[in-house]
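*Asks:* Quick one: sequence and predicted model below, then my questions.
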Amino acid sequence: MQRAAKEIRKQGQMGIERPLEPPKNGLLVPDLVPVAYEVLDQWKELVRGLKQLLNFVPIYGCRYCSEVHVGLVGHQIPDCLGSGNGQRRSLHSWVRGSINDVLLPIESYHVFDPFGRRIKHEHRFDYDRIPAIVELCIQAGVDIPEYPSRRRTQPIRMMGKKVIDHGGHVEDPQPYRSREEDSMALLSELDTFGPPTADCPPETDRQRLAERTLKAYSSVRRGLRLLMRKYTVKCCGYCSEVHVGPFGHDVKLCGAFKHQWRDGPAPNYVWHVRDPVGPPLTAALKRFYGKAPAVVEMCVQAAPPSRRPTAQ
Ligand SMILES: [Zn+2]
Ligand SMILES: [Zn+2]
């Protein structure tokens, strides 16, 4: 890795142009365009499905720590480490949660031209904040008119670490939320902040809905892995900031973009409840319990016990 960086610098000093392949040269990877469309479709399906499943399976979050519980009653395992809680290692203090506790929200700035100017701290409000997954899909080829993206026909050229030709500067359009009063309507399809869906599906649809949602979850994860082999997504090791695109940004949040995302966001693990209508999980039996990603646990509990879907 370091040797490669040194080599790039040396060639730059010698005036040798860097050979770049898509998407590093600013052009789309044609094979990944349909993958990006599929990821976005399945992501919407996943968000929609979870909002509906919330009508059947409650989510609890702890008031004092980040523990999440999926099930009718919160568990009674005394492992709360929250500082606001009277004594350490006490019972969690459960409050009703939302799908944000199941799919932890990860947002990034939407950039019109990832190879254009870096985002400056004082200009950070000129950019929309959207789920990082959606931003990745846009940069990989999905056209969402509300969040336009510069599509190049000519590759950018680099010498060493310097861009020598990026096709001239094109002014960034105004952020969508300042152009449009109703930007929340679109966002509620794309992000996890909306309320649970009021139109509760009939009881008979529960299993189909759980299966579809679980399938969407697997498809999103699979597609993300494919996209992230080629597209750069940097995540901070210290906070939840994620940046999609070849360069970081200059917004002072905590500012440490260290790691390339490889498998997408890490799932949030919760205790698996074997009998959803049984008594709460207790410390005495803790060693017999297992954990599952919260999304999977939600789908498993939503399906009637006879034919539960299995995670792929
Ligand atoms: Zn807690
Ligand atoms: Zn950070």
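*Replies:* Happy to help now that I have it. Note that this is a predicted model, so its numbers are computed, not measured. Ligands and ions are numbered 1, 2, ... in the order given.

*Asks:* What ranges does the stretch 1-150 of the chain have for its strands?
*Replies:* 59-62, 68-70, 94-96, 107-109, 129-131 (DSSP state E, counting those that start in this stretch).

*Asks:* Run me through the strand neighbours of the third one, direction for each.
*Replies:* What it means is strand 94-96. strand 59-62 (antiparallel) (DSSP bridges).

*Asks:* What of the second one?
*Replies:* Taking DSSP bridges as the criterion, strand 68-70 sits next to strand 59-62 (antiparallel) in its sheet.

*Asks:* which SS state does residue 219 fall under?
*Replies:* Under DSSP: H, G, I helix; E, B strand; the rest coil, residue 219 falls in the helix class.

*Asks:* My read is that it contacts residue 40, right?
*Replies:* No: using CB atoms under 8 Å, residue 219 makes no contact with residue 40, being 10.8 Å away. Quick note: C-beta positions are derived from backbone N, CA and C, even for glycine.

*Asks:* Looking at these two, which one has more neighbours?
*Replies:* Each of residue 219 and residue 40 has its neighbours counted (other CB atoms under 10 Å); residue 40 has more, 21 against 18.

*Asks:* Please name the residues that touch the closest residue to that one other than its chain neighbours.
*Replies:* In this structure, residue 40 finds its nearest non-sequential neighbour in residue 137, 4.3 Å apart by CB to CB, 6 or more residues apart in numbering. For residue 137, the contact set (CB atoms under 8 Å, 6 or more residues apart in numbering) comprises 36, 37, 39, 40, 43, 227.

*Asks:* between the residues you listed, which is nearest residue 208?
*Replies:* residue 43 (19.3 Å; CB to CB).

*Asks:* and that closest one, how many residues sit next to it?
*Replies:* For residue 43, using other CB under 10 Å, the count is 24.

*Asks:* ok, now which ones touch the nearest residue to residue 36 once chain neighbours are set aside?
*Replies:* Spatial nearest neighbour of residue 36, chain neighbours left out: residue 140 (3.8 Å); criterion: CB to CB, 6+ apart. Listed by CB under 8 Å, 6+ apart, the contact partners of residue 140 are 23, 28, 29, 32, 33, 35, 36, 227, 231.

*Asks:* re earlier: most packed of the strands of the stretch 1-150 of the chain?
*Replies:* strand 68-70 (a mean of 26; mean count of other CB atoms under 10 Å).

*Asks:* And the pLDDT for the residue nearest to residue 40?
*Replies:* Note on residue 137: pLDDT of 97.

*Asks:* gap between it and ligand 1?
*Replies:* From residue 137 across to ligand 1, the span is 34 Å (CB to the ion, to the nearest Å).

*Asks:* Distance-wise, check that residue relative to residue 224.
*Replies:* 9 Å (CB to CB, to the nearest Å).

*Asks:* between the two, what contacts are shared?
*Replies:* residue 39.

*Asks:* who's in contact with stretch 13-31?
*Replies:* So stretch 13-31 is contacted by 8, 11-12, 114-115, 139-141, 151-152, 155-160, 164, 166-167, 230-231, 246 (CB under 8 Å, 6+ apart).

*Asks:* swap that for stretch 92-105, please
*Replies:* Taking CB under 8 Å, 6+ apart as the rule, stretch 92-105 contacts 46-47, 50-51, 54, 58-65, 67-70, 74-75, 79-80, 82, 85, 131, 191-193, 195-196, 240, 265, 268, 294-295, 298.

*Asks:* Is there a quick ChimeraX command that grabs whichever of those residues are buried?
*Replies:* Buried residues within those, by 16 or more other CB atoms under 10 Å, are selected in ChimeraX with:
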select :46,47,50,51,54,58,59,60,61,62,64,65,67,68,69,70,74,75,80,82,85,131,191,192,265,268,294,295,298
